[in-house]
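In: Give me the fold of what follows.
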Amino acid sequence: EGKGKRRNPLHDFKKTGELMLIKVNKSLEVKTKLLNTTEQCAKRCSRNKGLSFTCKAFAYDRVTKRCHWLSFNSLTNGVRKKQDHAFDLYEKKDYVRNCIIGKGADYKGTISVTKSGIQCQAWNSMIPHEH
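Out: Numbers count the residues shown, from 1 in each chain. Coordinates of the predicted model:
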C-alpha cells in the first residue's frame, strides 16, 4: 500500500442501508459492542478479533453506536431481513458475491451449479474430472 495510507476495511464489505438481519435459527451467533465507527467494526470483523465464530457480516446501529457482528449473512438459511432505520448492514463481499475471481481458490459464495444447471464438482474431488 502507499506511503502512510491505510486501506479502508470497509472496502471488503457490501453495505445495505436501513436493514438488519434477524436470526430464526438459534444456533447462529451474534456478538455486540459499543464502537464509534463502522471502520472499527469492519476491522474487527475482518480479523475475527475477540469473536468465537467467523464473522460474515455486521450491522451498525447508528443511534447507539453499537456494532453487531454476525456469524451469518443475508444468504444464510434461518435468517430473515428486517427494515430498520437505525441500522446499516455490512456483509463481507467474499460471502455474498456469486462469481469466481481468478481460479476460485477464495470463493465462499453459494453458487454450486453451472449455468446450465449441472451440479458442480466438489473442490476435493477428482471425479468426474481431474484438476
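In: Which positions in the helix or strand of the chain with the lowest mean pLDDT come out as buried?
Out: Lowest mean confidence among the helices and strands of the chain (mean pLDDT, DSSP states H and E): helix 93-96, at a mean of 86. Neighbour-count burial for helix 93-96, counted by 16 or more other C-beta atoms under 10 Å, picks out 95-96. No exception for glycine: its C-beta is placed from N, CA and C like everyone else's.
In: ditto for stretch 34-49
Out: 35, 38, 41-46.
In: Tell me which helix or strand comes right after the helix ranked longest in the chain.
Out: Counting by DSSP state H, the longest helix found in the chain is helix 38-47. Next helix or strand after helix 38-47 toward the C-terminus (DSSP states H and E): strand 57-61.
In: angle of that following strand against helix 38-47?
Out: Put simply, strand 57-61 runs at 160 degrees to helix 38-47, going by axes from the mean of the first three to the mean of the last three C-alpha atoms, to 10 degrees.
In: residues in contact with the next helix-or-strand element following strand 57-61?
Out: Next in sequence after strand 57-61, counting helices and strands by DSSP H and E, comes strand 66-70. Strand 66-70 has contacts (C-beta atoms under 8 Å, 6 or more residues apart in numbering) with 20-21, 23, 28-35, 38, 40-41, 44-45, 51, 55-61.
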